[in-house]
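[1] here's my sequence, what's the structure:
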Amino acid sequence: MQQAIEQELRHSQRVLLIGSDCLEIGLDSIEKAFESLQHRSSVVFTPANDGGYVLVGMRQACPALFTQIQWGCSSVLEQSVKRARQAGRKIALMPSLIDVDDYADIEQLRQPSILSTLDSSARAILKPL
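    Below is the predicted model:
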């Protein structure tokens, strides 16, 4: 992830990395994350329901953000935020979203209150599952 961010920041002022397992993330979420980087913060996270994150963005590389992290556990976001703050970065947290790790996450996305907020392509993905 760090290499991808560093490479893209050579050509852009802001960069977002977005996980591919989050059906809830849409254009509005992406725009708000970019807006946060433009006006308020140097690092932005969209938390995942499992303690990780589905989006990370920044204005300048922060290698510390990806070192000494216990990946795959329920405290990935907490560890990452701590590392970013230790590196002197101003953090923004977007609203938490669901990432799909197992069938229980799919069932959660099918709840009417969540399903109604998904775009048509995300609903189409859920339909046959």
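
[2] so what's A33 scoring on pLDDT?
    At A33, the model reports a pLDDT of 96.

[3] give the contact list for it.
    By CB atoms under 8 Å, 6 or more residues apart in numbering, the residues touching A33 are 16, 44, 46, 55, 57, 92, 94. To be clear about C-beta, it is placed using only N, CA and C from the backbone, and glycine gets the same treatment.

[4] most widely separated two among the residues you listed?
    Distance extremes for these: the farthest pair is L16 and A92 at 12.0 Å, using CB to CB.

[5] overlap of the contact sets of those two?
    Contacts common to L16 and A92, judged by CB under 8 Å, 6+ apart, are 33, 44.

[6] quick one: the strands in this protein?
    Using DSSP state E, the strands found in the chain span residues 15-18, 43-47, 53-58, 91-93.

[7] got JSON lines for those strands, with mean pLDDT too?
    Below are the strands of the chain laid out as JSON lines (pLDDT from 0 to 100):
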{"stretch": "strand 15-18", "mean pLDDT": "95"}
{"stretch": "strand 43-47", "mean pLDDT": "97"}
{"stretch": "strand 53-58", "mean pLDDT": "96"}
{"stretch": "strand 91-93", "mean pLDDT": "96"}
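
[8] residues contacting the spatially most central residue of the chain?
    Taking CA atoms, centre = their mean as the criterion, L55 is the residue nearest the geometric centre of the chain, at 1.6 Å. Going by CB under 8 Å, 6+ apart, L55 touches 16-19, 22, 25, 29-30, 33, 44-46, 94.
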